[in-house]
Structures are given as C-alpha cells and as structure tokens.
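Student: when you get a sec, could you give me coordinates for this:
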Amino acid sequence: MLAVTQAPNVRLALTNLPENVSLVREVLAGLAGVVPLEDGQLDDVKTVVSEACNNVVLHAYDGALGPLDVEIRVADGTLEVTVRDCGGGLRPRLGRKGEMEGIGIPVIHALTDRVEFSGGIGEGTEVRMHFDVPEARELGLAGVDGRAHDGAGDGRGRGDRQGRAATDSDPVVVVPVNGATATLDVAPLSLARSVLSRPLTALAARARFSIDRLSDVQLVTDAIAAHAGRSLHGSRLQVVVATATRDLELRVGPLLPGAATQLIGDTAVGGLEPLIETLADEVTVESLGDCDVLTLRLLDPR
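Tutor: I've put the predicted structure just below:
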C-alpha cells in the first residue's frame with residue numbers, strides 16, 4: 001500500500017459542477033498512456049472514480065458550489081485515486097455486514113481492490129480507492145532531467161487554498177486565478193505529456209472553440225509539456241484554466257525567475273516563430289516573488 005506521505009502525481013482541483021466529472025475521466029484516460037492498466041481496468045477505474053465524483057456533485061454541498069479535489073498516486077504495483085470534498089460528503093450508512101452503503105458505494109466496493117472512507121457529515125468526505133496494477137512502477141516526483149528537486153513548487157511551508165498547512169501530499173495552488181475552472185498539478189513533468197492535453201482540449205470544446213482552434217489548444221498544451229523542463233521552478237507543473245465563451249486562459253507555472261522567455265523560445269521549431277507566440281492571442285509574464293507565471297490567452301472570435 002502507498003505511504004500516505006507520498007505526494008500525488010496528479011492533482012485536479014475543480015468545483016462540483018456535473019460537467020467537471022468528465023474532466024476527471026479525461027485525466028484518467030491520459031494516465032493510461034503511462035500506467036500499464038490491464039484489459040478493462042481503465043473502464044473500471046473511470047467508473048468508480050466517476051461514482052465518487054458524482055456523489056460530491058449530488059450530495060456534498062446541498063446544491064451550492066464547493067471544491068471537488070482528485071488526487072492520483074502511482075507506486076510499484078498500485079494505482080491510488082482519492083476523491084475529496086469539503087462539505088457534507090457521501091453520508092454513507094452501515095449495512096448488515098458493517099460495510100458502507102449508499103449511492104454508488106456498492107459499485108465502488110465491487111470494482112476496487114481496496115477502498116477507504118474517511119470524514120463524515122459536516123467534515124467533508126474522502127474516498128481513497130486502490131487498484132492493483134502489477135506492471136505499474138512508481139513515477140516519483142523528479143523533474144524531466146531525472147534529478148530530485150528541493151520541493152520548490154510543491155507547496156512546502158505554504159498554506160493551501162483553505163488556509164491549512166500544506167504538506168507534500170497536499171500541494172497548493174501556487175498560481176491561482178479568480179474564477180478558475182480547473183487547476184491541474186502534475187509531477188513528474190514527463191507525465192504532463194500524457195494527462196494535460198485531453199482535459200484542456202475538453203475545456204476548450206466546452207468554451208465552444210472550433211475544430212481548428214481545438215487543434216491549436218492541443219499544440220500549445222503539448223509544447224508546454226514538452227519544453228517546460230528547463231524553465232520549471234521545482235518538480236511540479238501547474239496549469240490553471242479559466243474559460244468563457246470562445247475564450248481560454250492558461251496560467252502556467254511555477255517557472256524560474258526570467259525563464260518564461262526561455263520556455264516561449266524553446267517552442268520554436270525549424271526556424272519558425274515560437275509556437276506559443278504564434279497561436280496565443282495574448283502572452284504575458286507575471287512575477288510572484290520567487291517564481292514567474294506565464295499566462296496565455298487563446299480566443300476563437302469566428
């Protein structure tokens with residue numbers, strides 16, 4: 001079983017809107033490109049994680065908006081997915097055999113190898129689901145160069161979005177934006193190449209982008225994942241997304257001071273202009289003290 005102190009390889013921070021459950025499924029589908037799930041196992045993982053997320057959507061906040069957090073950890077032989085809320089939670093009840101029962105809970109029990117419930121009414125709920133994946137190997141949190149990092153960008157010593165002390169297993173939102181639709185936090189960087197494109201493209205589709213512009217979003221996302229290694233401040237890449245109709249904003253960080261220009265330049269291919277500057281309508285860099293944030297805005301005015 002995974003050590004509880006291991007930081008997540010992926011953290012997805014959302015609100016409990018029904019449409020956001022599909023973003024979780026897109027991240028899991030991307031993860032399957034790295035984690036060798038057995039035949040049919042991806043469907044099982046997506047099913048039970050969706051059930052846990054749907055319970056947050058339906059029951060955690062009594063019709064109000066609230067956080068829906070999903071964390072994914074990969075270790076030798078194991079995949080762990082945790083779904084967490086800060087509201088009323090699942091409100092499970094005990095069945096005849098002392099097992100938890102409730103909406104979707106029998107499905108979760110049936111399709112996971114181990115599952116743990118914690119929290120309660122008024123305390124939020126955490127559902128930690130374990131899947132045996134014999135061929136899985138721990139991904140670790142090293143940067144793309146294979147070196148261990150000192151934790152910069154992991155949230156050590158900082159508080160999270162609700163004011164609690166952050167730990168390695170509870171990375172903070174270090175590049176927040178008002179009205180953010182989603183925050184995706186990934187380590188190691190090699191994993192970003194598999195899990196970023198699908199949810200970001202789905203968000204662009206939700207923003208009513210044309211097919212051509214969806215392709216541009218994929219190209220920009222792939223370029224960031226491929227070239228952020230030399231610019232990243234620490235081991236984690238974080239992308240905060242804000243959407244409106246035909247409008248997608250990406251805040252990318254934390255980057256080393258002054259390194260955003262290098263990241264942009266690294267996306268130039270074959271002597272052409274940097275891809276980021278070519279495809280993004282607005283490109284800005286913001287200093288946040290010990291790190292920089294690159295903001296890209298893509299529009300589809302049609």
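Student: list the contacts of the closest residue to residue 205 other than its chain neighbours.
Tutor: The shortest distance from residue 205 to any non-neighbouring residue, by Cβ to Cβ, 6 or more residues apart in numbering, is to residue 214 (6.1 Å). (Each C-beta comes from the backbone N, C-alpha and C, glycine too.) Contacts here follow Cβ atoms under 8 Å, 6 or more residues apart in numbering; on that basis residue 214 touches 201, 204-205.
Student: so residue 223: helix, strand or coil?
Tutor: Assigned with DSSP: H, G, I helix; E, B strand; the rest coil, residue 223 falls in the helix class.
Student: related to what we said a few turns ago, can you confirm the residue nearest to residue 205 is in a strand?
Tutor: No - Residue 214: not assigned to a strand; according to three-state DSSP it is helix.
Student: so how far is residue 248 from it?
Tutor: To residue 248, residue 214 is 10 Å away according to Cβ to Cβ, to the nearest Å.
Student: over to residue 85?
Tutor: Counting by Cβ to Cβ, the separation of residue 85 from residue 248 is 26 Å.
Student: separation between residue 230 and residue 131?
Tutor: Taking Cβ to Cβ, one finds residue 230 at 34 Å from residue 131.
Student: same question but for residue 203, I mixed them up
Tutor: In terms of Cβ to Cβ, residue 203 sits 26 Å off from residue 131.
Student: again with residue 15
Tutor: Relative to residue 131, residue 15 is positioned 26 Å away (Cβ to Cβ).
Student: out of these two, which sits in the more crowded spot?
Tutor: More crowded of residue 15 and residue 131, by other Cβ atoms under 10 Å: residue 131, with 24 against 15.
Student: so is that one in a helix, a strand, or just coil?
Tutor: Recorded secondary structure, residue 131: strand (three-state DSSP).
Student: can you name the residues that contact residue 241?
Tutor: Residues counted as contacts of residue 241 (Cβ under 8 Å, 6+ apart) are 180-184, 200, 203, 248-251.
Student: change it to 6 Å
Tutor: Counting by Cβ atoms under 6 Å, 6 or more residues apart in numbering, residue 241 makes contact with 181-182, 203, 250.
Student: strands of the chain, start to end?
Tutor: 10-15, 67-75, 78-85, 93-94, 100-101, 114-120, 124-132, 182-186, 237-244, 247-255, 282-287, 292-299 (DSSP state E).
Student: the ones you listed: which one's closest to residue 48?
Tutor: strand 124-132 (5.9 Å; Cβ to Cβ).
Student: contacts for the closest one?
Tutor: If you take Cβ under 6 Å, 6+ apart as the criterion, strand 124-132 is touched by 45, 48, 52, 79-86, 89-90, 112-119.
Student: and those, which are buried?
Tutor: Buried members of the contacts of strand 124-132, counted by 16 or more other Cβ atoms under 10 Å: 45, 48, 52, 79-86, 89-90, 112, 115, 117, 119.
Student: one step back: how about TSV for the contacts of residue 241, with pLDDT, distance to residue 261 and neighbour count added?
Tutor: Shown next, in TSV, are the contacts of residue 241 (pLDDT from 0 to 100; distance: Cβ to Cβ, whole Å; neighbours: other Cβ atoms under 10 Å):
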residue	pLDDT	distance to residue 261	neighbour count
181	87	27	21
182	93	26	21
203	96	26	23
250	95	17	24
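Student: could I get those as JSON lines with distance to residue 135?
Tutor: Output for the contacts of residue 241, formatted as JSON lines (distance: Cβ to Cβ, whole Å):
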{"residue": "181", "distance to residue 135": "34"}
{"residue": "182", "distance to residue 135": "30"}
{"residue": "203", "distance to residue 135": "31"}
{"residue": "250", "distance to residue 135": "33"}
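Student: out of the residues you listed, the closest to residue 294 would be?
Tutor: For the contacts of residue 241, the nearest to residue 294 is residue 250 (8.2 Å; Cβ to Cβ).
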